[in-house]
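Provide a 3D model corresponding to the input given below.
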Amino acid sequence: MAAADSPSAALRRDLCSRGIRLAGKMRADVVDLLDAYVEQQGLDASASVAAVEGVPLAAVERWDEQTGTQRLLENLAAYRAFRALLAQMLEEQREQLGEADAGLGRALAAVLLQVSAFAYHLEELLRLESRGVPGEEEDGPPPPPRLSLFEQKLRGLGVLRELAQWAVRSVRDLRQLAKPSPATGTAPGLAESP
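Now for the predicted structure:
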């Protein structure tokens, strides 16, 4: 039981708890942004969007077999990719609409800031476990080809939809990391399988 009260276990639980709150707030904001985006761009909310190049998919096979480190590294890579994609969307939004719809631009910038903060939060969790944080250059998506305005809108829809799914996955991953191990009563080490 003493191990459950160790400073690193308490800090891990605290970081996971704060991360869960951040991801939940981010998801709510992304869903609101998605609604505004669909309306502003004149898209159908039920439009089917094929997989978008550079957008990491939240779905994973054998999720329950992943180690804590794998979960954190995949989350970090995804949020770094989303940071680049959202920055690109923000730039395209400014080029398309200028100041015509500053509200959508502000909402997009706010979500971009949340994504950046969450990526930093994940880096802190990796540092806590004495894991190296991978460099940025490994995770960024390749520069996309020049797309038509409609293709940009569809890509933006795909990015926001998948970001909402990642927020859900991140909550699940952080809850898994925060769970005490049944044998010891402490949170499982990141290298252990859950």
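
If you average the pLDDT over stretch 112-127, what comes out?
Averaging pLDDT along stretch 112-127 yields 95.

Pull the residues that contact it.
Stretch 112-127 has contacts (Cβ atoms under 8 Å, 6 or more residues apart in numbering) with 12, 15-16, 18-19, 22-23, 25-26, 29, 69, 72-73, 75-76, 79-80, 82-83, 86-87, 90, 132-133, 163, 170, 177, 190. From N, CA and C alone the C-beta is placed, and that goes for glycine too.

what about the residue most central in space within the chain, which helix or strand?
The centroid of the chain falls nearest to Tyr79 when counting by Cα atoms, centre = their mean (4.1 Å). Using DSSP states H and E, Tyr79 falls within helix 68-97.

ok, and for that helix, which residues are buried?
68-86, 88-90, 92-93 (16 or more other Cβ atoms under 10 Å).

That helix - contacts with which helices or strands?
Contact analysis of helix 68-97 by 3 or more Cβ pairs under 8 Å, 6 or more residues apart in numbering; DSSP states H and E lists helix 102-128, helix 149-178 as its packing neighbours.

now it against helix 149-178, angle please.
150 degrees (axes from the mean of the first three to the mean of the last three Cα atoms, to 10 degrees).

mean confidence for helix 68-97?
Mean predicted confidence for helix 68-97 is 90.

Report the angle between that helix and helix 102-128.
160 degrees.

Return the distance of helix 68-97 from the chain's centre.
Chain-centre distance of helix 68-97: 8 Å, with Cα atoms, centre = their mean, to the nearest Å.

how about the residue lying closest to Ala45 once chain neighbours are set aside, what does it touch?
For Ala45, ignoring the flanking residues on the chain, the nearest one in space by Cβ to Cβ, 6 or more residues apart in numbering is Val38 at 4.8 Å. Neighbouring residues of Val38 by Cβ under 8 Å, 6+ apart: 44-45, 157.

and Val38, which of the three is it?
Following DSSP: H, G, I helix; E, B strand; the rest coil, we place Val38 in the helix state.

Can you verify my assumption that Asp32 contacts Leu108?
No. Asp32 is beyond contact range of Leu108, at 11.3 Å (criterion: Cβ atoms under 8 Å).

Which one's more surrounded, the two?
Here Asp32 and Leu108 are set side by side on neighbour count (other Cβ atoms under 10 Å), and the busier one is Leu108, at 23 against 13.

measure the closest residue to that one other than its chain neighbours to Leu113 for me?
Distances taken as Cβ to Cβ, 6+ apart place Leu90 nearest to Leu108, at 5.0 Å, with adjacent residues excluded. To Leu113, Leu90 is 11 Å away according to Cβ to Cβ, to the nearest Å.

Could you list the low-pLDDT ranges of the chain?
Residue ranges of the chain with pLDDT under 70: 1-5, 97-100, 130-133, 136-145, 181-194.
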